[in-house]
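Asks: Fold the following, please.
(2 chains)
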Amino acid sequence: MTSMELAEMIKRSPAECHKALVREYGRYVYAIVYNKLRGCGTEEDVEECVSDVFADLFMKCKIDAESANDVKYLISTIAQRKAIDAFRSLTARANHIADADDEDMGMLASDFSVEDHADRSELRRVLLDKIYELGEPDATIIIQKFYYNRDSKEIAKAVSMTSNAVRVRCSRAMDKLRSKLVEVGMTI
Amino acid sequence: MNEKKLFDLLENAENDSMNRLIDKCPEISDKQLDRILAKSEKKFKKMEKEYDRNNRNITMTENDTVEGVEHSRRPAWLSTLSMAASVVLIAGIVIGSTVLLNRNGNPFNGEDSLPPSATDATSDSTDTLIVSSVLTGTGTDGTAATEVSTDTTTEAATEDTTEDATEETTEEAAKLLDIRDIAGEWTYQESSGNYTVDKGARNIAQVDINSDGTYTYIDSAGKVTNGRIEFSTEKIMETEFINVNFYSGSERQFSATYRKESQDEMYIGNGGLARLVRGKLPLSKDTPASKADITDITGTWTYQESDGNYTVDRGAKNIAAITVNSNWSYTYTDAEGNTSYGTVVKDAEELNGVDMPYFSFYQNGADCIFSVLYVAERPDEMYIGNGGMARLIRGSYALDSSGDSPLDIRTLAGKWTYQESNGNNSVVVDPIDVGTITVNADGTYSYTDTEGNTSTGTVKTGYEEIGGTKMPTVNFYKNGSFYLGGYYDDAHPDEIYLGNGGMARIVRAG
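Replies: You can find the predicted model right below:
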């Protein structure tokens, strides 16, 4: 959707425009938010954050719909920022309790390690490469099962197979993935 | 569990990895999207109001500038008046505090002037409500009863501005809906598990709505709750909804949404997980089948398969003994004494609109070897699959030996290629070579995959009687556990299909 289309839709009917935005970008926003909140939030937290993203987007559309050159880029930016806010809010309780031991105070300067970050980034790329090497529908099954935490019944609908077939394929695909990861020095 | 940890690595992905994860994101259901849209609209309306309030009366163009100072003259007597007011206020605080302290110091001052508590307010409300029923009894119509009831709420909490707002909305709603439209017998339903209530429901309670604005709620345990009903309106996406609020005393128990297009059902909440449906339906049992636990299947079971001629309940072979433990582990021992271990996982599957629990048996935490359906009414047998050809039956029975196989192991000796399907067609159409198996005449084998990894084990022959015909079977065991198995066909001695799906086979090499 371009900014001109968006502006025209808003003028025609804001309610219809909002509905169209949620239908078209709902899954996109969900995936971005889920990536940030997967480890700290519940499914309800993710849904709440997705609705925050769209509320912000509707507000942006109301004030100045035409300034956004690329709507998808705008949505992606809002989603990432909102998800980071939600992540901070959800993990705030844990962060408020910290040992302020004098010896450790020097380490509080930064908990971000460039080296670790680069390592994780590389491992992430390798892992996704190896999952994609499994081909379809194994890659979809593996990601939806272990990353998106969907059960076999839900995945079965997505890949048009039976639940039992999904379970068997998942088990075999995981064996293959293990072997592939061992080859490149990653172990599960 | 390790798999889950591995996939934690994918969190906080950068753009290129994120794009791949977005590609594989599951579809979001229309209901979930509607729910997100409704929430977003609500938040947007709030933000919009705040924005409008902040920007009211400020209309500037690009060429406008702000300059100059606004002069104002305050009346000369204003400072004197402010000082006098301050003195009066301070004196009032001092005198008031002194009086209050003296009053608390003497418990026998004889004055019964305690401030009215919230409970008092509630009891007032109830009293007046009785008056409303009396009015109805003498011929007042339902609308009048609702108005009296509403007035009561306002009286009970005169200091609460929120309640005033509710009153206004209640009056508006009362114009749109008459209590007599919804009077009668209703059933309170909740979703039975994984789906919305319209696809699978449990009947939780019966609700009788009376035309005098009262209701009676009777749950499955026979507990009766009485209360009153109030209406309110809510606007979502420019559509006006009428909420029917069920109060017990001063507390709202639940709220149902009335829609003129669908007058025989009123949904409770936004998730589609509960509703009221018109009519008196039989209530569901208190413990739904989906609440089955491992303790329901803990114990000794026998794995039975059909003898080939009929379903397993009419003619069965006892294949293996299974012990299920309360810590979600199991032991599987076949007729030849081979034992394997694994874990049991519970899940639920919808059957005829009802969620039925099933337990899956995973060998060594990896391969699901079979799943059984648990039916609370038949706790001593659990069927595998839908064909009625295999089941677990509670108890320990003598196992049927596979007997002498018509197939000599030496027939199989030699080199075989292990092939799997490419995922799109059967292995016959698109075979992919996955590894090689060398079967030795002494009943051992070695398997080497395409990467050169080698494993060894034993291979055994047996037979299964299907329709009176003995079908020779070939089973490969790794570390004492069953690994692969298939049927041997004399007509095709150079290929053995593994499993029933046509997705894997071994073919003689060379």
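Asks: residues contacting the closest residue to chain A within the stretch 401-510 of chain B?
Replies: When scored by Cβ to the nearest Cβ, the stretch 401-510 of chain B has residue B:423 as its residue closest to chain A, at 6.0 Å. Where you see a C-beta, it was placed from the backbone N, CA and C, and this is true even at glycine. Applying Cβ atoms under 8 Å, 6 or more residues apart in numbering or on different chains to residue B:423 gives the contacts A:135, A:136, A:137, A:138.
Asks: So which residues of the stretch 151-300 of chain B form helices?
Replies: B:161-176, B:179-182 (DSSP state H, counting those that start in this stretch).
Asks: Can you flag the weakest of those by average pLDDT?
Replies: Lowest mean pLDDT of those: helix B:161-176, a mean of 51.
Asks: Residue B:31 and chain A, how far apart?
Replies: According to Cβ to the nearest Cβ, to the nearest Å, residue B:31 and chain A sit 12 Å apart.
Asks: For the host helix or strand of that residue, list every residue counted as buried.
Replies: Following DSSP states H and E, one finds residue B:31 within helix B:30-55. Counting neighbours by 16 or more other Cβ atoms under 10 Å in any protein chain shown, one finds that the buried residues in helix B:30-55 are B:32, B:33, B:34, B:35, B:36, B:37, B:39, B:40, B:41, B:43, B:44, B:48.
Asks: and that helix, what's its mean pLDDT?
Replies: Average pLDDT, helix B:30-55: 84.
Asks: what's around residue B:380, how many residues?
Replies: Neighbourhood size, residue B:380 [other Cβ atoms under 10 Å in any protein chain shown]: 11.
Asks: how about it, what does it touch?
Replies: Residue B:380 sits next to B:393, B:394, B:395 when contact means Cβ under 8 Å, 6+ apart.
Asks: Any chance of CSV for those, columns neighbour count?
Replies: Formatted as CSV, the contacts of residue B:380 follow (neighbours: other Cβ atoms under 10 Å in any protein chain shown):
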residue, neighbour count
B:393, 18
B:394, 14
B:395, 10
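Asks: isn't residue B:344 right next to residue B:360, touching?
Replies: Yes. Residue B:344 is within contact range of residue B:360, at 7.1 Å (criterion: Cβ atoms under 8 Å).
Asks: Mark out where each domain of chain A begins and ends.
Replies: Per automatic domain parsing, the structural domains of chain A span A:3-110, A:118-183.
Asks: Would you confirm that residue A:84 belongs to a helix?
Replies: Yes. Under DSSP: H, G, I helix; E, B strand; the rest coil, residue A:84 falls within a helix.
Asks: give me every residue that touches residue B:256.
Replies: B:243, B:244, B:246, B:266, B:267, B:268, B:275, B:276.
Asks: pLDDT at the second one, what is it?
Replies: The predicted structure scores residue B:244 at 90 on the pLDDT scale.
Asks: Identify the residues contacting it.
Replies: Taking Cβ under 8 Å, 6+ apart, we find residue B:244 in contact with B:177, B:182, B:229, B:231, B:255, B:256, B:257, B:258, B:266.
Asks: is the residue nearest to the last one when sequence neighbours are not counted in a bridge, and if so with what?
Replies: Counting by Cβ to Cβ, 6 or more residues apart in numbering or on different chains, the nearest residue to residue B:266 once its immediate chain neighbours are dropped is residue B:256, at 3.7 Å. Bridge pairing for residue B:256 (DSSP bridges) gives the partners residue B:244, residue B:268.
Asks: for residue B:368, same thing?
Replies: Judged by DSSP bridges, the bridge partners of residue B:368 are residue B:362.
Asks: host element of the spatially most central residue of chain A?
Replies: The centroid of chain A falls nearest to residue A:35 when counting by Cα atoms, centre = their mean (2.6 Å). Taking DSSP H and E as the definition, residue A:35 sits inside helix A:14-37.
Asks: so how many other residues sit close to residue A:64?
Replies: If you count neighbours by other Cβ under 10 Å, residue A:64 ends up with 11.
Asks: ah, wrong one, I meant residue A:178
Replies: 18.
Asks: Can you give me the pLDDT of it?
Replies: Looking at residue A:178, the pLDDT reads 84.
Asks: That one - that's part of a helix, no?
Replies: Yes. According to three-state DSSP, the state of residue A:178 is that of a helix.
Asks: now it: how far from chain B?
Replies: Distance from residue A:178 to chain B, by Cβ to the nearest Cβ: 9 Å.
Asks: how close does that residue get to residue B:503?
Replies: Between residue A:178 and residue B:503 the distance is 20 Å, computed by Cβ to Cβ, to the nearest Å.
Asks: Then residue B:475?
Replies: For residue B:475, the distance to residue B:503 (Cβ to Cβ) stands at 18 Å.
Asks: Next: residue B:279.
Replies: From residue B:279 over to residue B:503 the distance is 49 Å, taken as Cβ to Cβ.
Asks: Ok, residue B:411 next?
Replies: Between residue B:411 and residue B:503 the distance is 25 Å, computed by Cβ to Cβ.
Asks: Would you mind listing where the stretch 301-450 of chain B has pLDDT under the threshold?
Replies: Along the stretch 301-450 of chain B, the model assigns pLDDT under 70 to residues B:308-309, B:348-355, B:364-367, B:401-405.
Asks: swap the cut-off to 90 and go again
Replies: Low-confidence segments of the stretch 301-450 of chain B, defined by pLDDT under 90: B:304-320, B:326-391, B:394-414, B:418-435, B:440-444, B:447-450.
Asks: now the helices for it?
Replies: Per DSSP H, counting those that start in this stretch, the stretch 301-450 of chain B carries helices over the ranges B:409-412.
Asks: Thank you, goodbye.
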